[in-house]
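Q: Show me the folded form of this:
(chains A, B, C and D)
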There are 2 protein chains.
Amino acid sequence: MNDPLSAPRDPAARPQTRIQARNTRAILDAALEVFSAQGFRGATLDQIATEAGLSKPNLLYYFPSKEAIHLALLGGLLDVWLAPLRALDPEGDPRGEIMGYMRRKLDMSRQMPRESRLFANEILQGAPRLKGLIEDDLKTLVDEKAAVIRRWADQGRIAQVDPYHLIFSIWALTQHYADFEMQVRAVLGPDRDPFDEAGIFLDMMFSRLLATD
Amino acid sequence: MNDPLSAPRDPAARPQTRIQARNTRAILDAALEVFSAQGFRGATLDQIATEAGLSKPNLLYYFPSKEAIHLALLGGLLDVWLAPLRALDPEGDPRGEIMGYMRRKLDMSRQMPRESRLFANEILQGAPRLKGLIEDDLKTLVDEKAAVIRRWADQGRIAQVDPYHLIFSIWALTQHYADFEMQVRAVLGPDRDPFDEAGIFLDMMFSRLLATD
DNA sequence: ATTTTCTTTGACCATGCGGTCAGCGTCACG
DNA sequence: CGTGACGCTGACCGCATGGTCAAAGAAAAT
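A: Residues are numbered from 1 along each chain as shown, chains lettered A, B, ... in the order given. Down below sits the predicted model:
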């Protein structure tokens, strides 16, 4: 009843055992690995259990179903994913804020490619499990930040660009390096670092886009 | 031998019946629909058969396995997908060629979102079935066109940008509108046309990026 | 030391799904 | 209009997979 999806057992009474903490973390990490690489239907409980170093029934002792594990992951993800955008400061320097946002998003692609792919998988399939959150939380946040950016543009502090598509472009470009990493690496060859180069390229791209000259 | 992957039976002797043509087309179209929406493992033969208006055994009369259907789709896809890049003319006007490429790619996202998502699914999972083609054909083509673009940059006819990442950025931005269409539409609301707006935005973005001022 | 709660497991079940097969219809062509 | 090749299907098989359960094994609490 009062049992959040990310926690296995009713934590109302006793708080949480050390073993519980360790195992739920292991499970979520293993699930992230498997779900992000195989998609929801492609992943199997056996794979996740093995990856987590548990038996399948033991895994199901901590989470009631495959669906629940997936939801626990997605539930936490959207917040993490949007944190950089939330941090965009209306009082800050327009170019610095937008460039900084792009930077942080690129860093997330580099540091958290599994999360990026998990998210991509979900959206690709039409976001059956995140639709609600996307239409509410995400849309609200983007509307709010888009208004800020529009104000900056109207004040002439950055170029006149559609703020929504500016945000989309940051998403598209940064996530591409995580989601399509295999393709990017295949094309660049083994001796080039995609993320380092992307940083330079995207700096230039957005500098030129936002310049007011 | 002369049997393309999209054809089911050995057509060495008799060419192809009308029924064969109709049904293989129906199957591939249905499979594109289902695979692009559910991924390889998420799709079932029953779904594809139903979508194609056939029974499952009948479907398997035309293709030997689920895998074969998927391969037939992917096999044809890469060529279609890369055609716009192939068309980039070294003798043409640099800005016109690159902007035109971006345009054609965006049109493809609009006209062929299912193909885009099929491809995205494949790359996301690490391209288990396309790896070879990507490391050979695709890499070769990109190397070749990147060299062209680099020459243009060195001649001062466009800005000095990394040609590889320029190509990546075109892929990322155009495919984003197909692959993440659900998210884009949720954020923009029902009254805005993502693709029309994207055309304007991307025109501006790449104009500014390539400008030599 | 004993009880109680938490943790783990082997064995098992039901269902979904890819794929097969024997046989029945149907079409095209001489 | 007959005959062979083509097209189609219901019933079936075996395996993978999500999930259950009773009972055994550790920890914690007393």
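
Q: burial count for A:Tyr177?
A: When neighbours are counted by other CB atoms under 10 Å in any protein chain shown, A:Tyr177 registers 24. Glycine gets a C-beta too; all of them are placed from N, C-alpha and C.

Q: Using PDB, list the CA coordinates for the helix or strand it falls within.
A: Using DSSP states H and E, A:Tyr177 maps to helix A:163-179. The C-alpha trace of helix A:163-179 is given here as PDB (Å, rounded to 0.1, in the frame of the first residue of the first chain):
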ATOM      1  CA  PRO A 163      13.500  27.900 -27.700                       C
ATOM      2  CA  TYR A 164      11.700  24.600 -28.000                       C
ATOM      3  CA  HIS A 165      13.800  23.400 -30.900                       C
ATOM      4  CA  LEU A 166      16.900  24.800 -29.300                       C
ATOM      5  CA  ILE A 167      16.200  22.400 -26.400                       C
ATOM      6  CA  PHE A 168      15.400  19.600 -28.800                       C
ATOM      7  CA  SER A 169      18.700  20.200 -30.600                       C
ATOM      8  CA  ILE A 170      20.600  19.900 -27.300                       C
ATOM      9  CA  TRP A 171      18.900  16.700 -26.500                       C
ATOM     10  CA  ALA A 172      19.300  15.300 -30.000                       C
ATOM     11  CA  LEU A 173      23.000  16.100 -30.300                       C
ATOM     12  CA  THR A 174      24.100  15.100 -26.800                       C
ATOM     13  CA  GLN A 175      22.100  11.900 -26.600                       C
ATOM     14  CA  HIS A 176      23.200  10.900 -30.100                       C
ATOM     15  CA  TYR A 177      26.700  10.300 -28.700                       C
ATOM     16  CA  ALA A 178      25.400   7.900 -26.100                       C
ATOM     17  CA  ASP A 179      22.500   6.200 -28.000                       C
END
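
Q: Quick check: A:Tyr101 vs A:Ser169, distance?
A: Distance, A:Tyr101 to A:Ser169, by CB to CB, to the nearest Å: 11 Å.

Q: Show the subsequent helix or strand relative to the helix holding A:Tyr177.
A: helix A:181-188.

Q: pretty sure A:Leu202 contacts A:Leu106?
A: Yes: counting by CB atoms under 8 Å, A:Leu202 does reach A:Leu106; the two are 6.4 Å apart.

Q: what do those two both touch?
A: A:Thr174 (CB atoms under 8 Å, 6 or more residues apart in numbering or on different chains).

Q: List the residues that contact A:Leu77.
A: By CB under 8 Å, 6+ apart, the contact set of A:Leu77 is A:Glu115, A:Leu118, A:Phe119.

Q: buried stuff in the helix or strand hosting it?
A: Using DSSP H and E, A:Leu77 maps to helix A:66-86. Buried positions in helix A:66-86, judged by neighbour count with 16 or more other CB atoms under 10 Å in any protein chain shown: A:66, A:69-74, A:77-78, A:81-82, A:84-85.

Q: same question, stretch A:131-150
A: Those would be A:Leu133, A:Ile134, A:Glu135, A:Leu138, A:Lys139, A:Leu141, A:Val142, A:Lys145, A:Ala146, A:Val148, A:Ile149, A:Arg150, for stretch A:131-150 by 16+ other CB under 10 Å.

Q: OK, contacts around the third one?
A: The contact partners of A:Glu135, by CB under 8 Å, 6+ apart, come to B:Ala186.

Q: Now do the longest helix anywhere in chain A against helix A:163-179, angle only.
A: Ranked by residue count, the top helix of chain A under DSSP state H comes out as helix A:18-42. For helix A:18-42 against helix A:163-179, the angle by axes from the mean of the first three to the mean of the last three CA atoms, to 10 degrees is 100 degrees.

Q: tell me the pLDDT at the residue positioned nearest the centre of chain A?
A: The C-alpha lying nearest the average C-alpha coordinate of chain A belongs to A:Trp81 (CA atoms, centre = their mean; 3.8 Å). pLDDT recorded at A:Trp81 is 96.

Q: Test my guess that it contacts A:Glu115.
A: Yes: under the criterion of CB under 8 Å, A:Trp81 makes contact with A:Glu115 at 7.1 Å.

Q: intersection of neighbour lists for those two?
A: Shared contacts of A:Trp81 and A:Glu115 (CB under 8 Å, 6+ apart): A:Met108.

Q: coming back round to it: quick check: chain neighbours aside, which residue is closest to the residue nearest to the centre of chain A?
A: A:Phe119 (6.3 Å; CB to CB, 6 or more residues apart in numbering or on different chains).

Q: so what's the backbone phi/psi at the one you found?
A: A:Phe119 adopts backbone torsions of phi -60, psi -50, taken as degrees, to the nearest 10.

Q: Next, the contact list for it, please.
A: Neighbours of A:Phe119 in contact, by CB under 8 Å, 6+ apart: A:Leu77, A:Trp81, A:Gln175.

Q: Distance check, the residue nearest to the centre of chain A against chain B.
A: Using CB to the nearest CB, to the nearest Å, we find A:Trp81 at a distance of 11 Å from chain B.

Q: Now do the same contact list for that residue.
A: A:Met108, A:Glu115, A:Phe119.

Q: now check the host helix or strand of the first one, is it near chain B?
A: So the one you mean is A:Met108. Secondary-structure assignment from DSSP H and E places A:Met108 in helix A:94-111. No: applying CB under 8 Å from any CB of the partner chain, one finds helix A:94-111 separated from chain B by no less than 11.0 Å.

Q: Counting neighbours, which bits of that helix end up buried?
A: A:94-95, A:97-106, A:108-110.

Q: For it, name the packing helices and strands.
A: In this structure, helix A:94-111 packs against helix A:66-86, helix A:113-124, helix A:139-154, helix A:163-179, helix A:194-210, with contacts taken as 3 or more CB pairs under 8 Å, 6 or more residues apart in numbering or on different chains; DSSP states H and E.

Q: Let me have the ones you listed in JSON lines, adding distance to A:Gln20 as columns.
A: Below are the helices and strands packed on helix A:94-111 laid out as JSON lines (distance: least, CB to CB, whole Å):
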{"stretch": "helix A:66-86", "distance to A:Gln20": "14"}
{"stretch": "helix A:113-124", "distance to A:Gln20": "23"}
{"stretch": "helix A:139-154", "distance to A:Gln20": "33"}
{"stretch": "helix A:163-179", "distance to A:Gln20": "31"}
{"stretch": "helix A:194-210", "distance to A:Gln20": "36"}
